[in-house]
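[1] Generate coordinates for the sequence data below:
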Amino acid sequence: MIIWIAVLVAAATILILFRQRRTESEALEIPSAMVMLFHPTKGEGDLTICGFIILYSMSRVISELLETVRGVF
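    A predicted model of the protein is given here:
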């Protein structure tokens, strides 16, 4: 469980640091849906990828906590 908590914290930290470094684009051209979803600088790819990592690691932490509670009772 410690590993998943570390992955969760690392993904959140990377997401925050990457979002602070990202410059706002002044381009008026709207990128395609795939670029918006997955490209880390032209779209929201950093949110998508880190979001998946955060959701997966949170589910693993909750699963292991429930397993521990089940083992106690």
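
[2] any weak-confidence spans in this protein?
    For the chain, applying pLDDT under 70 flags the ranges 22-31, 33-43, 45-46.

[3] What segments of it are helices?
    Counting by DSSP state H, the chain has helices at residues 2-21, 33-38, 45-72.

[4] Pipe those into JSON lines and attach mean neighbour count per row.
    Backbone N, C-alpha and C define where each C-beta goes, glycine included. Below are the helices of the chain laid out as JSON lines (neighbours: other CB atoms under 10 Å):
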{"stretch": "helix 2-21", "mean neighbour count": "13"}
{"stretch": "helix 33-38", "mean neighbour count": "12"}
{"stretch": "helix 45-72", "mean neighbour count": "13"}
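
[5] Pro50 - nearest residue in space that isn't next to it in sequence?
    Pro isn't right for residue 50; it's Cys. Leu15 (4.0 Å; CB to CB, 6 or more residues apart in numbering).

[6] Now do that neighbour against Ile62, distance only.
    According to CB to CB, to the nearest Å, Leu15 stands 20 Å off from Ile62.

[7] Please apply the same query to Gly71.
    15 Å.

[8] that older thread, go ahead and confirm the residue nearest to Cys50 touches Leu47.
    Yes. Between Leu15 and Leu47 there is a contact under CB atoms under 8 Å: 7.0 Å.

[9] Contact partners for Arg60?
    By CB atoms under 8 Å, 6 or more residues apart in numbering, Arg60 lies in contact with 1, 4.
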